[in-house]
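Asker: Please find the sequence and the predicted model below.
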Amino acid sequence: MARAIIEQRWRETAVRAQIHALMGDNSDAFVNAAGSVLYVALGAMIARELDPDLPEIRVIRGACNALYEQKGEAAITNARRAALRAGLEAVDRLLPRLGQRALAESAFELEGKLRQGDVDWAAFQRKLGEVEPA
């Protein structure tokens, strides 16, 4: 039951992230929402062993880089907004392949890390390293 609630919260965050990517100006909310979506998606991609050469995964890696560049910046540049929007759209296209269980597990993992204050760029780098092409 707890995993289902966490997954539902993640899905709501995904919607908020897309709204912020399109029109929001609050950089911290933008980074937090998009970061949550991307982190959970990365975990599900790893669990499902998706091909790292998929175009969507390349776009998501680019979005993660834009997210890193945006952190701590007050203004959201058009280039970063576009990269994050493209990354969120790529996640959306991959959702059917990610599977509910993999998403729920990854969202549950993120929830635990957030409670411990254990999510930083190094956590993203570890995930990104697992979705690098060979």
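Answerer: Done, it's in.
Asker: All the helices of this structure, in order from the start?
Answerer: All helices of the chain, identified by DSSP state H, fall at 2-23, 27-47, 55-70, 78-98, 100-116, 121-130.
Asker: just the CA coordinates of the shortest one, formatted as CSV?
Answerer: What that stands for is helix 121-130. Extracted in CSV, the C-alpha atoms of helix 121-130 (Å, rounded to 0.1, in the frame of the first residue of the first chain):
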residue,chain,number,x,y,z
TRP,A,121,24.3,15.0,-8.0
ALA,A,122,26.4,12.0,-7.2
ALA,A,123,23.3,9.9,-6.8
PHE,A,124,22.2,11.0,-10.3
GLN,A,125,25.7,10.2,-11.7
ARG,A,126,25.5,6.7,-10.3
LYS,A,127,22.2,6.1,-12.1
LEU,A,128,23.4,7.8,-15.2
GLY,A,129,26.5,5.6,-15.3
GLU,A,130,24.2,2.6,-15.5
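Asker: pLDDT below threshold where in the protein?
Answerer: 1-8, 10-12, 14-23 (pLDDT under 70).
Asker: Quick check, central residue of it?
Answerer: By CA atoms, centre = their mean, the mean C-alpha position of the chain lies nearest to L38, the distance being 0.7 Å.
Asker: Contacts only, for it.
Answerer: The neighbourhood of L38, defined by CB atoms under 8 Å, 6 or more residues apart in numbering, consists of I60, A63, C64, L67, G87, L88, V91, F124. In this view, the C-beta of every residue, glycine as well, is placed from N, C-alpha and C.
Asker: Sounds good, over and out.
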